[in-house]
Every structure is written in C-alpha cells, then in structure tokens.
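Colleague: With the sequence up front, the predicted model follows.
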Amino acid sequence: MLRPFIIPVVFTNETLVAKECARKGFETMHISTAAAGGIPVLKYMYRDAIKKYNSTFYAYSNGDILYTETLIDTLLLMKYSTINLHKPVLIVGQRSNVNNVTEFEGSTFGSITRLAEERGKLFTFWAEDYFITTRSFPWQEIAEVVIGRRAYDNWLVYYARKSKYNVIDATKTILAVHQTTKAGNHEGHGKTNKDFNHHLLVKLYKRVKYNAGITACIEKYTNYDNCVIAVKSRTVSKSCAISF
C-alpha cells in the first residue's frame, strides 16, 4: 500500500523467505555482511540499498512494524521543506505497541489507525524502531553495530546529534504500530549476544551517553500545524547534553 512512494525491501538469505516475498510483490536483497553469529550489520544494509536504488531517503525498519500514509506524508514534507537534504539527516520516532494484531486489523491504513487509537500504547523514549536517512548520511563512518540487539538505536541518535546532523523526531506524525506478540516489547534483550553492540561501542568510544540518544533529547520534531505537517524546534532537558 506504500507503493509507489516507498519500495519495501526484505533482507534475507533464506530461499523460502525470498520466494514468499516475491509472491507478495516485495523486493529482496541478500545479507552481505553479518556479525555476532549471523546477525546483519546495519551500515552494510544501507550501503547495499543505496547502491541498488536511487532515492531521496533510505530507511531501516524492524519487520514487525506497520505503517500508514502518515509515513509518506511526513517524508514528502521533508523533501519540500527548508531542511537541507544535502546535509546528513536522521529521522526516528517512537512506536505504538498493540497486542495480538490480526491480519484483518493490519490490512488497511484506516484499520491500522483505528487499532492504534483504540488499543495502542506509545512506547518508551528509549525505543527507536525505524531510522530514515538521506543518501548523504556517512554510513561508511558508522560503527559495525548489528540490528535486533540493544544499544545501537540510542547510540546512533547520540552520534548523529553529536555530529550536528539534522536529527528529527517524527513520533507525532509517523504512526508506527508494533505488532506485539508473546515475545513482548524487549525481545532483543533476551537474545544470544544481546550485549554485542554495547561491548563494541565501549571498545571504540570508552564511554557512550545512551540517554542523550532518546527521542526526548531530539531538538527538532514534526507536528501538525493547522492540519499541515511542519518541522518545529523545542528545548530539551539538560540531561540530553552531548559530551565531547
């Protein structure tokens, strides 16, 4: 339903998954670089997607998140706003948790929206499940963090803020519904190699101020202004200060 504005791509090395994706009309790409027992490295997913597709934005999203037209609307705003897209941009946001989403409930934008309004609960500032960047984002400089394990999300926002990139919290205008199952909302914390990213980052940087990488610490955010999406600025807590 997001086409033609957004091309969904599934990264997988499993033949059966690739065939099922093809039947559903999804593009697939091979996982070229993995670590920690086969977990994909985030920066190389972006690198490979950028090589294959010519786009204004590139995004990674956890596979259990449902989106609506609000994702398209927000990105169109960015494309035609005063935000300099030649400078690295990172757009993130919080998700809304909904238990036991049925196939019918997730079948249309309208039903996803109603579902979030009736049963959704906005999750913590600490959890960031999608990362939308521009082509200019310097992924070649990013540490080799892996997806699905803790710490990489807050570190990435912290790194982008410290680098003075355009970092934007889109929580108020992008509806991201997390299909919560029995695994719960902290699934990555119980996985093998759950601390892989933390150990890697501490080795590289000695100390990481993760709390400066939560959505509440992002100075720019999107919101509705007379039914039109706009980018606004806000004052954040002193605890969000970047350490140099």
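Modeller: Good, I have the coordinates.

Colleague: Listing request: residues of this structure with sub-threshold pLDDT.
Modeller: Residues of the chain that meet the criterion pLDDT under 70 lie in 183-191, 244.

Colleague: Nearest the middle, which residue of this structure would you pick?
Modeller: Tyr130 (1.0 Å; CA atoms, centre = their mean).

Colleague: Confirm for me that that one is in contact with Leu66.
Modeller: No. Counting by CB atoms under 8 Å, Tyr130 does not reach Leu66; the two are 11.4 Å apart. All C-beta atoms are positioned from the backbone trio N, CA, C, and that covers glycine.

Colleague: which residues of this structure fall in strands?
Modeller: Along the chain, counting by DSSP state E, strands occupy 9-11, 27-29, 34-35, 39-40, 57-61, 65-67, 89-92, 96-99, 121-122, 130-134, 166-169, 176-180, 220-225, 228-233.

Colleague: So which residues make contact with the fourth one?
Modeller: Contacts made with strand 39-40 from outside it, assessed by CB atoms under 8 Å, 6 or more residues apart in numbering, are listed as 11, 31, 33-34, 146-149, 193, 196.

Colleague: With the last one instead?
Modeller: Strand 228-233 is touched from outside by 73-74, 77-78, 81-83, 168, 173, 219-225, with contacts defined as CB under 8 Å, 6+ apart.

Colleague: how about 6 Å then?
Modeller: Contact partners of strand 228-233, identified using CB atoms under 6 Å, 6 or more residues apart in numbering, comprise 74, 77, 81, 173, 219-223.
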